[in-house]
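Trainee: No sequence on hand, only this structure:
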């Protein structure tokens, strides 16, 4: 059997590039797409970027710090965009703020976010403004809001179908794809009152944990623009962390919400399967039931994640328009008291040990939680190598049939991490259904083992790294084992910020551990303490399957203890 | 592409019979198995069977009528065994009845059921009695019950793992399989207080809608022992309809709860996926996620189905021991008022039109519901041919790999309907994962079409035949299209009794419709009005995915209107 450890090459086993087709048929369309994006940006929201992108990367520019230091927004705009989503909708609902003034503040901040982090594939602030005006008119006329998200600026990962707009999911072949209706989640959020104005960036194939594509390239971490915002919900990570949207919707099949949230500096929930509609979008995962993809929210506050899930599920009732979602109400769960919480922390998954900043984050969290009365135990994740082999085989069990179709349609050049991910599992070998069924049995056994492990040890929550490292450099996030584990066993997981940031002085190798595998060596070699200045140090929090509410509630307790408030400028 | 219409042969495309292996290794074990079953029957519960099995079949003997006419139970035993499950547990809980006296009444009735319908693969009334005694002792000592099912005699389909007992699922190869622990559902029911004493019959491969196997052959309809009890939860149909258990647990991947309930004269719920644990048992469907199997209850009253689901889900919390189940509470839903109910009735699925008794049942129900104020519309099921092709391909998409393994293990002779079902879909051709994913996409589109159809037409419930005919004769139930549709789209469905029974005078072909296909001809040719005397006429009631409670509640309203009470001797 081929092991993930053997895939230290990024030469694809099969390639579908076709330079002639790409150059002739698609390059002109891509150029138009890029200039459309450029032209859609409103001058009134633009800033003068201080230096060239190269120079900013060179100095590990902190875009968020710059926003505050240079006071690029007015005081009121800062107040609005640094308010929680709940406060924003409350302010609008009681008539204290108009949807238009809220929108303009976010439109400006989103535009700056895009200038500095390359987060948007599409900006349509004209339509956003129109929508906000409509909402204000509705409110003036009816004396009430259209719904609980009335006037809230929400960003959407581009992969989600959007009525009347190109929806490509990172595949150049789909630059001609224009859906006739919104994906169910977009439809629901709009009905609840959301304002859309930006669709965000994602990697080719949606299967990179740091992103790149042939449309506009990769998105940047707002805290250090030499680093990536993560992937595949790349732009959602960057824009929510930067404050360019109040809430963003991403998707996650291997870490694609948690990676970007962790790397960019926001929080992101990968809900349990089928609570949030994932229907209606471009992806290679259609009909793939082994490792189901999910959609979920990113934001700067866990309270806002809770609020969004509450109104989306309980009032949006996704099951009425997407029969693959399950009608489970979103429960109100109180924050647990620290002394009632047992948390198991994993310092190493046995595949690749984390880099110094992540280790510092884990220890910091352990110390703070213990001091606050949380019962903290150490946890050695079960059967991680088996799990990682399995999940990688499941992704590509169709022998990359769907990926090949989506990529070969344009013949576009394959990004480095596209080649890497296409080679995962057994690459282009198509599995038979009998093998696939056996893999599902194996997965469910593992799922049960983790369930039993939590139950037998009275563990409420697991804490683990969201990735080996802080935000990676472009095209270097090879190992997703920390995040994929929870896709495989379908446990709800929240990426959260520790409040710490990489510090070259504190986060040196001490000493660099001997690599157990070539893969670990490859990943560890990416970490040079000098190159990750100020990158957010984030972790992930995992609970029992379908107990998403408990994960969110425990997350609140934990960030209270850590005194993390991403809405406050630091 | 091969169509289900081409499979008018029962010659298997591939066969795995091995007469030498079977005769030498397994026949002696089978003989011992049968004599163990015989010897386990307690003399005190036995009746003198009036005639030979052949003679009884010849005269279309009504076993249930005989039970009452001959007063084979005492008045008290009739009172106990004809009480609802709720009344039984209440009577025990308040000390009015002992668990032992309840048990003995059911043990006697179950033994007679087995004598007349061949429903049991295993009878262990000694252990049942011990358990009942233990429960009485517990009650005497603690002044309370162990749980809400304290003392309730529950029958289990043999396919479910049972600690320390042979569990073969109808496969002779598994006559050596002795699980170390109960299936989660058995474990839960036991914890809630159930008494186990009988494990019930099922067909070879579990893929017949009327059953046969190499263990003890097929089970009989209690209302007419020349007809089958259905399949694959064959014995559960017979024993619950006969009153030999208060509630039975079956499983359903293509109609295996609904068929037996409908044919035998009880009611049975196929819940939506993952509300009732299906883990821990022998079947060919492990890891098959395309048409998920479910477990669910059979009983003589819909109230008891509701009660069982309530305590099983809300108190049993199956998700704590089987992580593939979903923690959705079982909601209390009031019976809808007739005037608030809109029901769409399907008189024909376009594949095989129903026989005269089923048509009479449909019209009777339509008339009664209309008269009671229910809004009744006619419904033409959507895309049934497509659905039936699809579901059949999904069952055998592993090229019968698992079936082959389970059958070839003993080389046992293949029953006629085993050959039939092995040839379904594309028989022994194994599908690739890419094709399988496409089938899942197609299935979800269909699921959405049905959801939209209900929503757009404001339909609360669908009523349709559970099968082309009333209880079939052995080895003749070829077409499952009425039931499999709801496995494919995963809608909760309740088989319920209309209170009508086949009547050779009323239920003649009038005229026999011209067959649209050879398959329809084959199925229609099974129906001779003289041969189905007194067979129960049942239908199925279907609601929206995960709205099982609404289906059960509407079922109660409907049987109220129809004045059906299976607990009252008719």
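Mentor: Yep, it's here. Predicted model, so just to flag it, every value in this text is computed and none were measured.

Trainee: any idea which helix or strand comes after the helix or strand hosting residue A:196?
Mentor: Using DSSP states H and E, residue A:196 maps to strand A:195-200. Using DSSP H and E, the next helix or strand after strand A:195-200 towards the C-terminus is strand A:220-221.

Trainee: same for that next one, what does it pack against?
Mentor: Counting contacts by 3 or more CB pairs under 8 Å, 6 or more residues apart in numbering or on different chains; DSSP states H and E, strand A:220-221 is packed against helix A:99-117, strand A:224-228, helix A:234-242. From N, CA and C alone the C-beta is placed, and that goes for glycine too.

Trainee: Apply 7 Å and report the result again.
Mentor: The contact analysis (3 or more CB pairs under 7 Å, 6 or more residues apart in numbering or on different chains; DSSP states H and E) places strand A:220-221 against strand A:224-228.

Trainee: which residues sit in contact with residue A:152?
Mentor: Residue A:152 is in contact with A:85, A:88-89, A:193-195, A:246-247, counting by CB atoms under 7 Å, 6 or more residues apart in numbering or on different chains.

Trainee: Any figure for the gap between it and residue A:503?
Mentor: Per CB to CB, to the nearest Å, residue A:152 is found 35 Å from residue A:503.

Trainee: Now do the helix or strand bottoming out on mean pLDDT in chain A: distance to the chain's middle.
Mentor: Within chain A, confidence by mean pLDDT, DSSP states H and E is lowest for helix A:416-422 among all helices and strands, at a mean of 92. Chain-centre distance of helix A:416-422: 19 Å, with CA atoms, centre = their mean, to the nearest Å.

Trainee: For chain B, tell me whether that helix is touching it.
Mentor: No. Figure legend: helix A:416-422 not in contact with chain B (CB under 7 Å from any CB of the partner chain); closest approach 14.6 Å.

Trainee: I'd like the next helix or strand past that helix.
Mentor: Heading C-terminal from helix A:416-422, the first helix or strand you meet, by DSSP H and E, is helix A:433-456.

Trainee: Who are the packing partners of that next one?
Mentor: helix A:384-395, helix B:433-456.

Trainee: Tell me which of the ones you listed sits most buried.
Mentor: With neighbours defined as mean count of other CB atoms under 10 Å in any protein chain shown, the helices and strands packed on helix A:433-456 peak in mean count at helix A:384-395, which reaches a mean of 22.

Trainee: helices or strands up against that one?
Mentor: For helix A:384-395, the packing partners by 3+ CB pairs under 7 Å, 6+ apart come out as helix A:433-456, helix A:481-488.

Trainee: quick one, it and helix A:433-456 angle?
Mentor: With axes from the mean of the first three to the mean of the last three CA atoms, to 10 degrees applied, the angle from helix A:384-395 to helix A:433-456 works out at 140 degrees.

Trainee: just how off-centre is helix A:384-395 within its chain?
Mentor: Relative to its parent chain, helix A:384-395 has a centroid offset of 21 Å by CA atoms, centre = their mean.

Trainee: in the very next helix or strand once past that helix, what counts as buried?
Mentor: Next helix or strand after helix A:384-395 toward the C-terminus (DSSP H and E): helix A:401-408. For helix A:401-408, burial by neighbour count (16 or more other CB atoms under 10 Å in any protein chain shown) applies to A:401-404, A:406-408.

Trainee: show me what contacts the residue nearest to the spatial centre of chain A?
Mentor: Chain A has residue A:257 as the residue nearest its centroid, 2.3 Å off, counting by CA atoms, centre = their mean. By CB under 7 Å, 6+ apart, the contact set of residue A:257 is A:233, A:250-251, A:268-270, A:296, A:298.

Trainee: Let's see if you can find the most crowded of the residues you listed.
Mentor: residue A:233 (39 neighbours; other CB atoms under 10 Å in any protein chain shown).

Trainee: Let me know the secondary structure of the residue nearest to that one when sequence neighbours are not counted.
Mentor: Nearest residue to residue A:233 in three dimensions, chain neighbours excluded: residue A:250, at 2.9 Å (CB to CB, 6 or more residues apart in numbering or on different chains). What DSSP: H, G, I helix; E, B strand; the rest coil gives for residue A:250 is strand.

Trainee: swap in the one 4 residues further on?
Mentor: Using three-state DSSP, the secondary structure recorded for residue A:254 is coil.

Trainee: Which residues are in contact with it?
Mentor: A:207, A:480, A:483-484, A:487.

Trainee: Repeat the analysis, applying 8 Å as the threshold.
Mentor: Residue A:254 makes contact with A:207, A:209, A:291, A:391, A:395, A:480, A:483-484, A:487, according to CB atoms under 8 Å, 6 or more residues apart in numbering or on different chains.

Trainee: Dump the contacts of residue A:257 to CSV, plus pLDDT.
Mentor: Below are these laid out as CSV (pLDDT from 0 to 100):
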residue, pLDDT
A:233, 98
A:250, 98
A:251, 98
A:268, 98
A:269, 98
A:270, 98
A:296, 98
A:298, 98
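
Trainee: Can you pull the poorly scored residue ranges out of chain A?
Mentor: A:1-14, A:570 (pLDDT under 70).

Trainee: could you point out the longest strand in it?
Mentor: When every strand of chain A is counted residue by residue (DSSP state E), the longest turns out to be strand A:493-501.

Trainee: Now do the same contact list for whatever residue of the stretch 251-400 of chain A ends up closest to chain B.
Mentor: Nearest residue of the stretch 251-400 of chain A to chain B, counting by CB to the nearest CB: residue A:287, 3.3 Å away. With contacts defined as CB under 8 Å, 6+ apart, residue A:287 is in contact with B:436-441, B:444.

Trainee: Count the neighbours of residue A:335 for me.
Mentor: Neighbours of residue A:335 (other CB under 10 Å): 17.

Trainee: That one belongs to a strand?
Mentor: No. Using three-state DSSP, the assignment for residue A:335 is coil, not a strand.

Trainee: hang on, residue A:103 packs against residue A:196?
Mentor: No. Between residue A:103 and residue A:196 no contact is recorded; they are 10.5 Å apart, counting by CB atoms under 8 Å.

Trainee: Neighbour count for those two, which is higher?
Mentor: Neighbour comparison, residue A:103 and residue A:196: the larger count goes to residue A:103, with 26 against 21 (by other CB under 10 Å).

Trainee: quick one: contacts for the more buried one?
Mentor: By CB under 8 Å, 6+ apart, residue A:103 lies in contact with A:128-129, A:131-132, A:151, A:153, A:195, A:197.

Trainee: cool, residue A:288 as well?
Mentor: Contacts of residue A:288 (CB under 8 Å, 6+ apart): A:394-395, A:397-398, B:437, B:440.

Trainee: and what of residue A:119?
Mentor: Residues near residue A:119 by CB under 8 Å, 6+ apart: A:110, A:113, A:198, A:200-201, A:219-220, A:229, A:234-236, A:238-239, A:242, A:244.

Trainee: at 10 Å instead, please
Mentor: Applying CB atoms under 10 Å, 6 or more residues apart in numbering or on different chains to residue A:119 gives the contacts A:110, A:113, A:155, A:198, A:200-201, A:216, A:219-220, A:222, A:229, A:234-242, A:244-245, A:248, A:260, A:264.

Trainee: how close does it get to residue A:49?
Mentor: Separation of residue A:119 from residue A:49 (CB to CB) stands at 14 Å.

Trainee: To which secondary structure element is the residue of chain A positioned farthest from its centre assigned?
Mentor: If you look at how far each residue of chain A sits from its centre, by CA atoms, centre = their mean, the farthest one is residue A:141, at 38.0 Å. In the assignment (DSSP H and E), residue A:141 maps to helix A:125-142.
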